[in-house]
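K.L.:
please find the sequence and the predicted model below.
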There are 2 protein chains.
Amino acid sequence: MTATDAAAVIHNDLRRPAARPLARRAASFGPSPWEAVIRLLDRHPDMIFFGNGAPAMELMPVARLQEAAARVWADAPGHLGYGDVAGFAPLRELIAARMATQGIVAHPDSLLLTNGSQQGIDLIARLVLDPGDIVLVEAPTYLGALQVFDAFEATYLTVPTDGDGLRVDALEQALAGSSRPPKLLYTVPTFQNPTGSTMPRARREALLEVARAHGILVVEDDPYGELRYDGQAEPALRALDPDVIYLGTFSKTIAPGLRVGWLAAPPDLVTPLLTAREAGDIHNERMTARIVYHAASDFLDDHLVGARAVYRRRRDALLEGLTDHLPLGARWTEPGGGFFVWVELPEGLSADGLLPHAAGHGVVYLPGSWFYPDSRERDSLRLSFSTLSEATITEGTRRLGRAVMEGLAERG
Amino acid sequence: MTATDAAAVIHNDLRRPAARPLARRAASFGPSPWEAVIRLLDRHPDMIFFGNGAPAMELMPVARLQEAAARVWADAPGHLGYGDVAGFAPLRELIAARMATQGIVAHPDSLLLTNGSQQGIDLIARLVLDPGDIVLVEAPTYLGALQVFDAFEATYLTVPTDGDGLRVDALEQALAGSSRPPKLLYTVPTFQNPTGSTMPRARREALLEVARAHGILVVEDDPYGELRYDGQAEPALRALDPDVIYLGTFSKTIAPGLRVGWLAAPPDLVTPLLTAREAGDIHNERMTARIVYHAASDFLDDHLVGARAVYRRRRDALLEGLTDHLPLGARWTEPGGGFFVWVELPEGLSADGLLPHAAGHGVVYLPGSWFYPDSRERDSLRLSFSTLSEATITEGTRRLGRAVMEGLAERG
């Protein structure tokens, strides 16, 4: 039977029930939002895609990873069986030591490796959330976190942000207006996804004080903290309060395809998180954890110096391009690191409505609506500069500017 | 600050709340049952551990995997970024072709790679189970499946088994006595974990008929199907009914540390499963999926011929040892493949109660209680023969025989 025959069998299977009883949470498992955007990429022969929130392929330390892989695979026999659920201990020790340099005290036994920080968010949701429980999120926030919390049937309480990240005054208002205490607060305090903004220290301290007063578990997702291009680092929330759950990842600093992140948990949560992980998929792929260990110990700091320089230039090209090409009334963030600039269009122009026109002009972004739990149309959008050359970024802003001007003109 | 200091900080942190509000499901995230067994392993200087349900380390095709790894890493640059959520397409095509030789028609687009079949069970539970939903499981069944269903707050309906696996007559009785229709039925029909028993074709057909009549989604977990030592293969449930979800894995045939399994879903469930996977941990580690692809296409069949011969001898040694050393009244299964023999002790002796004594004699098994949702003490136990030499297996049965005799004598 050929593959085409097999497809025919699948699509003509009449015994399949019309509507299967699924879990309530399956309502959140519709088509991935990425599909609609990927379809737009065909609209122009030379599309510039500002949507890729990944590190630049050309910056990945391929030769050094290949060396690390050769070392690890030469030593394979001992590591092909089942292993420690927490993950490769030397890597956890190395992570603990790296975090210590950022003022975070975390014992290696309080760390567990994850398949990227996405799985860290998922494990926390598993541990903490019953259906209907309230989760505090920044508005806007990381799309992937919303996907997790949707799957755990969370109720959202959104906290507005400004150029300094989550507004603690708005958090207090939200809490005052909430009939039930939230279970957890999810935040990306440094070079936030999608806005690029960073919370100053005073605001971090105020946030933690409010969270402690209300008994709210704080989850700090920090994928971009090591990708700083200007200024001084703010302390991690986890450095200010050991009760914060900290999520880290090598996806942005080494390579996302390797799927290695970590979670630093308060001690009382370590055992339940490990058991949840064991029940979910047992443990990380073992060879890759070792390859990442060699990468992180042998050359990560060196690699980051070069990567930061490239990303800094790309960010500068983006900010300059926006200044040159966006019409009056558009506003955007000026991130000190990470991958993202957040743009608000002039005169409340819908970023969702504008997107197909922008695609026609040869530029695609992610509309701001993706980053809010209610998904409604908004005048904001996210631009990623990490994977594009400076020349491409400049041209992309030119195209975006033309699309915005056209959108304004059409509105009359 | 030293690691010891860090530990002191962690353990003396007075701000930590005494009892944190967790999800209801967290009640199932207690210490792993493995911990208690691992502690027993110190009780004898030369412990024989019949608990390891993993493939033999010495059989893993290390040199060939190393060659595959070298090839894959040489081609690394294109695969270090984010990729297809479903996983490496050529591996899915190869899996579809392998399944076709077993009479299973599954389009590569209806397959998704998973971090072992454990994650496959988890994804299905996510998609289907609301708290309190009824899951049908064999009694006894795979411990890891119970861990998943516990985490999704399932209500269990257990179906007794005999030497031919799940008893369909008992299934019909269970359904007749159930106030609500079950959402899914989880079964390991071939070389079952923990009993080693296999359902004959007629029983498979009867099972599917009952499931269809009641609209129950059937999940077929088949980690051991390719490890057959005697006789002819029974058809996979998925070969008899395309509406069955089939879970496969390379954990038992290649190496579990690599964490590569797959799930074949009915077409209407593919998109929600992919979205659930994306929300959970995005996708499999990409290099390892490629290494497993080379392994499966270049040498898996050849490798399995040798592995089966070794496992067959180990199974024979175990069956012979049990015959030689267990007292009258003990009974055990005679599996045609897989890794496990299920032993019922004479005169209702508790396998849980006997375990510390057996450890004192230098042998440790997994008590049968692990494999039932109610976890109560039972007279049954699971012996794995996959990782032990024939001589060790023989000696292990001798020790087990002594422990059982002593247990019977103590009871008087």
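P.N.:
Happy to help now that I have it.
K.L.:
can we go C-alpha only for contacts and neighbour counts from here?
P.N.:
Will do.
K.L.:
and the next helix or strand past the longest helix seen in chain A?
P.N.:
In chain A, with assignment by DSSP state H, the single longest helix is helix A:300-325. Remark: after helix A:300-325, the chain's next helix or strand is strand A:331-332, criterion DSSP states H and E.
K.L.:
confirm that A:Leu383 sits in a strand.
P.N.:
Yes - assessed with DSSP: H, G, I helix; E, B strand; the rest coil, A:Leu383 lies in a strand.
K.L.:
for B:Pro223, see how far away it is.
P.N.:
From A:Leu383 across to B:Pro223, the span is 44 Å (C-alpha to C-alpha, to the nearest Å).
K.L.:
what sits against A:Met287?
P.N.:
Applying C-alpha atoms under 8 Å, 6 or more residues apart in numbering or on different chains, we find A:Met287 in contact with A:Val72, A:Trp73, A:Ala76, A:His79, A:Leu80, B:Gly257, B:Leu258.
K.L.:
er, A:Leu65 I mean
P.N.:
Applying C-alpha under 8 Å, 6+ apart, we find A:Leu65 in contact with A:Ile291, A:Val292, A:Ala295.
K.L.:
shaky segments in the stretch 151-300 of chain A?
P.N.:
Filtered on pLDDT under 70, the stretch 151-300 of chain A yields no residues whatsoever.
K.L.:
got the residues of it near chain B?
P.N.:
By C-alpha under 8 Å from any C-alpha of the partner chain, the part of the stretch 151-300 of chain A that sits against chain B consists of A:151, A:183, A:215, A:242-243, A:255-259, A:266-267, A:271-273, A:275-276, A:279-282, A:284-288.
K.L.:
just the residues you listed: which are in helices?
P.N.:
Per DSSP H, these map to helices at A:151, A:267, A:271-273, A:275-276, A:279-281, A:286-288.
K.L.:
same list (those) but as a markdown table, adding distance to B:Ala27.
P.N.:
A markdown table is the format used below for these (distance: C-alpha to C-alpha, whole Å):
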| residue | distance to B:Ala27 |
| --- | --- |
| A:Ala151 | 20 |
| A:Pro267 | 17 |
| A:Thr271 | 12 |
| A:Pro272 | 9 |
| A:Leu273 | 12 |
| A:Thr275 | 11 |
| A:Ala276 | 11 |
| A:Ala279 | 13 |
| A:Gly280 | 15 |
| A:Asp281 | 19 |
| A:Arg286 | 28 |
| A:Met287 | 32 |
| A:Thr288 | 32 |
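K.L.:
helix, strand or coil for the residue nearest to A:Thr190 when sequence neighbours are not counted?
P.N.:
Excluding the flanking residues, the one nearest A:Thr190 by C-alpha to C-alpha, 6 or more residues apart in numbering or on different chains is A:Thr198, at 4.4 Å. Secondary structure of A:Thr198, reduced to three states by three-state DSSP: coil.
K.L.:
mind pulling up the pLDDT for the residue nearest the centre of chain A?
P.N.:
Nearest residue to the geometric centre of chain A (C-alpha atoms, centre = their mean): A:Tyr142, 5.3 Å. pLDDT recorded at A:Tyr142 is 98.
K.L.:
correct me, but it touches A:Pro373?
P.N.:
No - assessed by C-alpha atoms under 8 Å, A:Tyr142 is found out of contact with A:Pro373, at 10.0 Å.
K.L.:
tell me what the lengthiest strand in chain A is packed against?
P.N.:
Determined from DSSP state E, the single longest strand within chain A is strand A:155-162. For strand A:155-162, the packing partners by 3 or more C-alpha pairs under 8 Å, 6 or more residues apart in numbering or on different chains; DSSP states H and E come out as strand A:134-139, helix A:168-176.
K.L.:
any buried residues in it, and which?
P.N.:
Residues of strand A:155-162 classed as buried: A:Thr155, A:Tyr156, A:Leu157, A:Thr158, A:Val159, A:Pro160, A:Thr161 (neighbour count, 16 or more other C-alpha atoms under 10 Å in any protein chain shown).
K.L.:
redo the residues you listed as JSON lines? Include distance to B:Thr323.
P.N.:
Formatted as JSON lines, the buried residues of strand A:155-162 follow (distance: C-alpha to C-alpha, whole Å):
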{"residue": "A:Thr155", "distance to B:Thr323": "60"}
{"residue": "A:Tyr156", "distance to B:Thr323": "62"}
{"residue": "A:Leu157", "distance to B:Thr323": "65"}
{"residue": "A:Thr158", "distance to B:Thr323": "66"}
{"residue": "A:Val159", "distance to B:Thr323": "69"}
{"residue": "A:Pro160", "distance to B:Thr323": "71"}
{"residue": "A:Thr161", "distance to B:Thr323": "72"}
